[in-house]
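A.B. asks: Quick one, what's the 3D model for this:
(2 chains)
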Amino acid sequence: MVYGEKKAMKLKLGFKIWLVIIIVMLSLISIFITPHFMKKGVVIQSVEANSTAFIQGLRQEQVITAIDGKNIENLDDFTLALQGKYETNESVKTIFTTLNSEVILYTNKAPELTVSEISKTNLKLGLDLAGGARALVKAENKKLSAEEVNDLVDITRNRLNEFGLTDLTVRPVSDLEGNHFMLIEIAGATPNDLEEMLSQQGKFEAKIVNETVFIGGERDIASVCRNDATCAIIEGCQQSSDGNYYCNFRFSVYLSEAAAERHAEITDTLEVNSTAQGNYLSEKLDLYVDDNLIDSLLIGESLKGRVTTQISISGSASGETQDVAYDNAQKEMHKLQTILITGSLPYKLEITKLDTISPNLGKDFVKFILLAGIAALLVASIVVFIRYKKFKPSLMVILFSFSEVIIILGIASLIKWNLDLASIAGILATIGTGFDDQIVILDEAKQKTILSLKQRLKRAFTIIMGAYFTAVVSLIPLLWAGAGLFKGFAITTIIGISVGVFITRPAFSQVIKRIEK
Amino acid sequence: MEESAEKSKKHWHDRYYKYLLIIPLILILFSIVYMISFYQSNGDIFYKDISLTGGTTLTISEKLSANTLLEDLSGNLEDLNTREIYDLITGEQKAVVLETKTGSVETKEIVENYLGYQLTDENSSLEFTSSIFSENFYKQLLIAILIAFVFMAIVVFIIFRNLVPSVAVIISAFADILMTLVLANILGLKMSLGGIIAFLMLIGYSVDTDIMLTNRILKRTEGSLNERTFGAFKTGLTMTLTSLFAFAIALILVNSFSNVLAQIFTILVIGLGFDILNTWITNVSIIKWYMERKKP
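C.D. replies: Got it, this is the predicted structure:
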């Protein structure tokens, strides 16, 4: 009977400890077993929509293992394999071998895709550590409702996708006072004109005198020619008298039936002027972006009163050299195409917060934080050792704190939580609390009373639970305050201390029971 | 020998614990007076940095002298502040940081013109917060701390269901925050978003030891009051010292590269220091007084 009881007890003791071991194992799996575990190559992060590479079948998330038969193991290999290939203007053949297919491209320029090395963990680092951009946007002079922000999010996401940014999240956030914002986060490299892209309302209007012929967006625009050299062209680059270079761009836009009929109606009333260059209508087609006139186009005589669905939009850009002018013209064209496709945002926007973090700085940051973390853990352990002068319990304190960190990271990779600086502070808070609780357990176990060890440990847990609940409630307001920018800290800490109280601390007290016996 | 030493210590404490309360009382009074005058002259409860007032922080990954930049650009950038960032291991300069109230586009333009090259996401990081948003953000974080404190107080009441001991816990947590705030202001610390987070963390840390102490004294019967207090003192001091030393080391290490983390650690180190005083003088004396009066 007595023996049986003892055995049952032993089994129970084992269970809590085993639970921690299993959860730590699962966490390690969650952190380290990635979709591309043990594979070599580079992962495609984004492919320009409708580019040759896209049409031939290269997609986000695919792993490129070889280019032209040469093995690709890292970013340097990738850069090296493509270096110098597209220097002449002639189309060359490039064979991309991915994990399960082979794609052959004939192009005269580098494939429009971005790649990254295969990550060794499932941990996702936040913007302030991995680099990227974050913008918090609100409407200028207007308090947005929740629905309005949702609409805004849809349009913006669409616009940024059309613009060629794929690795991004756009979502509505709100703060304690009920203000609604749109939060945009872009991982990795950020385009230089992001600010303009975001705050630009993008209201495109084509007017003749004061009558609107068509506007940007799907109501009036059936389709826009892009990435096709036959109907989206940059031409006529030349130096002007002021020393700058100018390039013109021109691309076709296909109007909807309704817009085409409107065009016919308005042009029908116009007169024809004869000039040396040809016969044009008396008024021009004026193009406005956000109420600024960007170009005025002459309308050919043949278009008078005709229901035409195809219209050519043109413009120009300048630069100090011909190459710069060419690039600027391309950018301008791209921007115009984007707002023509996606239409105008319903409000004028204002960027209230914009952070763009260089990916290069982030790398060092992670290294230093790890170093500081290890040093802090070491120092705390020394204090514990000095106090108890026993090797085993002190070692256990470190071991359990460490396992807590692994479990937090495991959960973070499981729920795809972005670890930012605030989350790191949260992990820190967790380790601190963990140390405190374990010291309470150690001291209660050591107390000389008539109470059994089990009862003493139970007492330790009333203290720990008290501290736990005060910590959790004090973190709750942070979930909403300041548009949730510190949610990372609150959530990581809550996860961390909950793991501690419900999983690792019970096991720790069982271990101490064994050591004390 | 040891026992008699302990005994005399206890006697000493029995005689003087009420008078000991004078120390925190003076400090609290001084802090309140200081904060009132601080508020009158500054219009706020602490100095705020760019992340709370609004403005631009520009980090350039180049070996540029912070002093030279400050001298050359002060005229063009409002309230300019500069500092250098060093590699933790090699000690080599990694970057220079500029903080100004000027907007992001303008700042970038001025610095680009000065340096003569473009700032891209390869060679720089930029953080911008509009002043209206900062003000709003700041207000909300203060409200968050206030709510957190109230929630904490409610939980403490629920745990102990006893007025005086609960109030003792809350007073010592409040004193921790107040004294930390005063010292941070005396040191001229410019509070950032991270600093405010640190105050929130401080609520959690300072209450931990108080809860442990109150639990040991209130809910146990074995041993004398002094024995229980001294036992709690040993446990609590170990708790606070492990955190204190860990944060101090972390502070020394991160000081050269992360302003945000450095500030979090600075405030935690100050706060935990005051926590030793407030738990083991303020809280202990109040609860001891209460227990002695309750005795038949």
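
A.B. asks: Tell me which residue is most central in chain B.
C.D. replies: In chain B, the centroid-proximal residue (C-alpha atoms, centre = their mean) is B:I267; its distance is 2.8 Å.

A.B. asks: buried residues in the particular helix or strand that has B:V150 in it?
C.D. replies: B:V150 is part of helix B:131-160, with elements assigned from DSSP states H and E. Of the residues in helix B:131-160, B:133-134, B:136-138, B:140-141, B:143-145, B:147-149, B:151-153, B:155-157, B:159-160 count as buried by neighbour count, 16 or more other C-beta atoms under 10 Å in any protein chain shown. Heads up, the C-betas are built off the backbone N, CA and C, glycines and all.

A.B. asks: before we move on, the earlier item: what's the one helix or strand the residue nearest to the centre of chain B maps to packed up against?
C.D. replies: Per DSSP H and E, B:I267 falls inside helix B:259-277. Packing partners of helix B:259-277 (3 or more C-beta pairs under 8 Å, 6 or more residues apart in numbering or on different chains; DSSP states H and E): helix A:421-446, helix B:22-42, helix B:163-186, helix B:193-218, helix B:225-254.

A.B. asks: Buried residues in the last one, which are they?
C.D. replies: Put plainly, it is helix B:225-254. Neighbour-count burial for helix B:225-254, counted by 16+ other C-beta under 10 Å, picks out B:225-226, B:228-233, B:235-251, B:253-254.

A.B. asks: Could you give the number of residues near B:A168?
C.D. replies: Look at B:A168: counted by other C-beta atoms under 10 Å in any protein chain shown, it has 27 neighbours.

A.B. asks: what's the answer for B:Q40, then?
C.D. replies: If we define neighbours as other C-beta under 10 Å, then B:Q40 has 8 of them.

A.B. asks: now do B:Y39
C.D. replies: Burial measure for B:Y39: 12 neighbouring residues, criterion other C-beta under 10 Å.

A.B. asks: measure it to chain A for me?
C.D. replies: 22 Å (C-beta to the nearest C-beta, to the nearest Å).

A.B. asks: Leaving out chain neighbours, which residue sits closest to that residue?
C.D. replies: Spatial nearest neighbour of B:Y39, chain neighbours left out: B:I45 (6.1 Å); criterion: C-beta to C-beta, 6 or more residues apart in numbering or on different chains.

A.B. asks: quick check, that neighbour in a helix?
C.D. replies: No - assigned with DSSP: H, G, I helix; E, B strand; the rest coil, B:I45 falls outside any helix and is coil.

A.B. asks: wait, it sits on B:I36?
C.D. replies: No - counting by C-beta atoms under 8 Å, B:I36 is not a contact partner of B:I45; they are 10.3 Å apart.

A.B. asks: So for those two, which residue has more residues nearby?
C.D. replies: B:I45 (14 against 10).

A.B. asks: Return the backbone torsion pair for the more buried one.
C.D. replies: phi -90, psi -10 (degrees, to the nearest 10).

A.B. asks: Kindly report the same for A:T121.
C.D. replies: Torsion angles at A:T121 (phi, psi; degrees, to the nearest 10) stand at phi -130, psi 170.

A.B. asks: Next to chain A, which bits of the stretch 1-150 of chain B? Give me the list.
C.D. replies: B:59, B:61, B:87-89, B:94-95, B:104-105, B:120-130, B:132-133, B:136-137, B:140-141, B:143-145, B:147-149 (C-beta under 8 Å from any C-beta of the partner chain).

A.B. asks: run the last query once more with 7 Å
C.D. replies: Proximity of the stretch 1-150 of chain B to chain A, by C-beta under 7 Å from any C-beta of the partner chain, involves residues B:59, B:61, B:88, B:94-95, B:104-105, B:120-130, B:133, B:137, B:140-141, B:143-144, B:147-148.

A.B. asks: Tell me which other helices or strands the helix holding B:V150 touches.
C.D. replies: helix A:453-475, helix B:50-53, helix B:163-186, helix B:193-218 (3 or more C-beta pairs under 7 Å, 6 or more residues apart in numbering or on different chains; DSSP states H and E).

A.B. asks: any idea of the angle it forms with helix B:193-218?
C.D. replies: Using axes from the mean of the first three to the mean of the last three C-alpha atoms, to 10 degrees, the direction of helix B:131-160 lies 10 degrees away from that of helix B:193-218.

A.B. asks: Let me see the mean pLDDT of helix B:131-160.
C.D. replies: Helix B:131-160 shows a mean pLDDT of 89.

A.B. asks: neighbours around residue 224, how many?
C.D. replies: I'll assume chain A. Using other C-beta under 10 Å, A:V224 has 20 neighbouring residues.

A.B. asks: My question was about chain B, not that one.
C.D. replies: A count of nearby residues for B:S224, using other C-beta under 10 Å, gives 9.

A.B. asks: same question, A:V115
C.D. replies: Other residues lying near A:V115 total 20 when counted by other C-beta under 10 Å.

A.B. asks: How about B:L189?
C.D. replies: Number of residues near B:L189 (other C-beta under 10 Å) recorded here: 18.

A.B. asks: can you map out the helices along chain A?
C.D. replies: Using DSSP state H, the helices of chain A run over A:2-32, A:52-55, A:75-82, A:127-130, A:146-162, A:194-199, A:257-268, A:322-342, A:359-388, A:391-414, A:421-446, A:453-475, A:487-499, A:505-516.

A.B. asks: Relative to A:E235, how far out is B:I249?
C.D. replies: Distance, B:I249 to A:E235, by C-beta to C-beta, to the nearest Å: 64 Å.

A.B. asks: just for the stretch 51-200 of chain A, where's the confidence low?
C.D. replies: Low-confidence segments of the stretch 51-200 of chain A, defined by pLDDT under 70, span residues A:164, A:166-167, A:188-193.

A.B. asks: for it, what spans make up the strands?
C.D. replies: Per DSSP state E, counting those that start in this stretch, the stretch 51-200 of chain A carries strands over the ranges A:63-67, A:70-71, A:92-98, A:102-107, A:113-117, A:124-125, A:132-139, A:168-174, A:180-187.

A.B. asks: chain center to the third one: distance?
C.D. replies: To tie it back to what came earlier, the one meant is strand A:92-98. 28 Å (C-alpha atoms, centre = their mean, to the nearest Å).

A.B. asks: now do the last one
C.D. replies: Strand A:180-187 has its average C-alpha position 9 Å from the chain's average C-alpha position, going by C-alpha atoms, centre = their mean.

A.B. asks: where does the chain have low pLDDT?
C.D. replies: If you meant another chain, say so; for now it's chain A. A:1-13, A:49-50, A:164, A:166-167, A:188-193, A:482-483.

A.B. asks: That was the other one, I meant chain B.
C.D. replies: For chain B, the ranges with pLDDT under 70 are B:1-10, B:296.

A.B. asks: now with 50?
C.D. replies: B:1-3 (pLDDT under 50).

A.B. asks: just checking, A:I266 touches A:V213?
C.D. replies: Yes - between A:I266 and A:V213 there is a contact at 6.1 Å, judged by C-beta atoms under 7 Å.

A.B. asks: before we move on, the earlier item: show me what contacts the nearest residue to the residue nearest to the centre of chain B once chain neighbours are set aside?
C.D. replies: Leaving aside its sequence neighbours, B:I267 sits nearest to B:A198 (C-beta to C-beta, 6+ apart; 3.8 Å). B:A198 makes contact with B:Q263, B:I264, B:I267, B:L268, according to C-beta atoms under 7 Å, 6 or more residues apart in numbering or on different chains.

A.B. asks: so which of these is the most crowded?
C.D. replies: Highest neighbour count within the contacts of B:A198, by other C-beta under 10 Å: B:I264, with 32 neighbours.

A.B. asks: In contact with residue 194, which residues?
C.D. replies: With no chain named, the answer covers chain A. A:L194 touches A:A133, counting by C-beta under 7 Å, 6+ apart.

A.B. asks: I was thinking of chain B, sorry if that wasn't clear
C.D. replies: Here B:G194 is in contact with B:V260, B:L261, B:Q263, B:I264 (criterion: C-beta under 7 Å, 6+ apart).
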